[in-house]
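[1] everything below, folded, please.
(one chain, ligands or ions: 1)
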Amino acid sequence: MSDEGYYDKALEMEVYPHLRVVLDMVDTSLPRIAVDAGCGVGRDALFLVEQGYVVHAYDKSDVAMARLREMAGKVCGETLFPEVSSFEAFDYPKSSLISACSSLFFCDPGVFPFAWEKIARSLMRGGIFCGHFMGPNDSWARMERGDLTIFDRAELGRLFDRDFHVIDIHENDAAGVTLLGAKKHWHTYSVVARKNT
Ligand SMILES: C[S@@+](CC[C@H](N)C(=O)[O-])C[C@H]1O[C@@H](n2cnc3c(N)ncnc32)[C@H](O)[C@@H]1O
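    Presented below is the predicted three-dimensional model:
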């Protein structure tokens, strides 16, 4: 299936469920500025714009960003700022909410620590991170491809230890399918955490 076909499917999906929940958790004294990291075609980014956020959304795919710009119409450049970029290269603004739905595990493990440092620094005290990480039982992790960032539960705890209070971790360790219907074993952690430094 083409990139366009993949992104059509992504738009049919519900907004990332944790993202709906965290809207009530963000410190209301903070400016409503969000980052959607690895936003794909921007389903969640557009949702956040509807919720009154100024959203900086990036993805390494120029096809996805072109599609998002087209869909966003007049909000593009006003409350939505799409950019072709990567986890490590993006110039993160000071933000109160960072969403990374099914994206961060695609970060090259060699640059993940640097990218994570930028993400953590971007969030203001009281801001919320919500996103997925991939665990070691995932069939992609077991392939030892070397291009995915994988965390076991203990490593994930240490990732958030210094700067965050973890509010919720939802683990999914089960057979499933990809967006395009291919069977695979998923092992992911969906994390919600509040920045406390
Ligand atoms: C599974 S899709 C999720 C997209 C979107 N967050 C969603 O939930 O629909 C993963 C996205 O991560 C993007 N991606 C992969 N590696 C990336 C990188 N190094 N920097 C930025 N985006 C990346 C891909 O282009 C893809 O759009």
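[2] for the closest residue to the ligand within the chain, list the residues it contacts.
    At 2.7 Å from the ligand, Gly40 is the closest residue in the chain, using C-beta to the nearest ligand atom. (C-beta placed from N, C-alpha, C; glycine too.) By C-beta atoms under 8 Å, 6 or more residues apart in numbering, Gly40 lies in contact with Tyr7, Ala10, Asp59, Ser61, Ala64, Ser103.
[3] so which of the residues you listed are in strands?
    If you go by DSSP state E, those have Asp59 in strands.
[4] closest to Trp186 among the contacts of Gly40?
    Ser103 (14.7 Å; C-beta to C-beta).
[5] give me the number of neighbouring residues for Lys195.
    Residues lying near Lys195 (other C-beta atoms under 10 Å) number 22.
[6] quick check: phi and psi on it?
    Lys195 has phi and psi values of phi -70, psi 130 when expressed as degrees, to the nearest 10.
[7] nearest residue to it in space, ignoring adjacent ones along the chain?
    Nearest-residue entry for Lys195: Leu123, 4.2 Å, with adjacent residues in sequence omitted and distances by C-beta to C-beta, 6 or more residues apart in numbering.
[8] Glu83 too?
    Glu83's closest residue in space is Tyr58 (C-beta to C-beta, 6+ apart), at 4.5 Å.
[9] still on that earlier bit, now the two most distant members of the contacts of Gly40.
    Tyr7 and Ser103 (13.6 Å).
[10] which of the contacts of Gly40 are close to the ligand?
    Among these, the residues lying close to the ligand (C-beta under 6 Å from any ligand atom) are Ala10, Asp59, Ser61, Ala64, Ser103.
[11] what sits against the first one?
    Put plainly, it is Ala10. Listed by C-beta under 8 Å, 6+ apart, the contact partners of Ala10 are Gly40, Val41, Arg43, Leu179.
[12] so which of those are in helices?
    Among those, the ones falling in helices (DSSP state H) are Arg43.
[13] neighbour-wise, give me the winner out of the contacts of Ala10.
    If you count neighbours using other C-beta under 10 Å, the busiest of the contacts of Ala10 is Val41, which has 27 neighbours.
[14] tell me where this protein has helices.
    3-12, 17-22, 43-50, 62-72, 112-122, 139-142, 153-161.
[15] tell me the residues of the protein that contact the ligand?
    10, 38-40, 43, 59-61, 64, 86-87, 101-103, 106-107.
[16] mind giving me the ChimeraX command for buried ones among those?
    Buried residues within the residues of the chain next to the ligand, by 16 or more other C-beta atoms under 10 Å, are selected in ChimeraX with:
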select :10,38,39,40,43,59,61,64,86,87,101,102,103,107
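[17] tell me the contacts of Lys183?
    Per C-beta under 8 Å, 6+ apart, neighbours of Lys183: Ala175, Gly176, Val177.
[18] who wins on neighbours among those?
    Result: Gly176 is most packed of the contacts of Lys183 (other C-beta under 10 Å), 13 neighbours.
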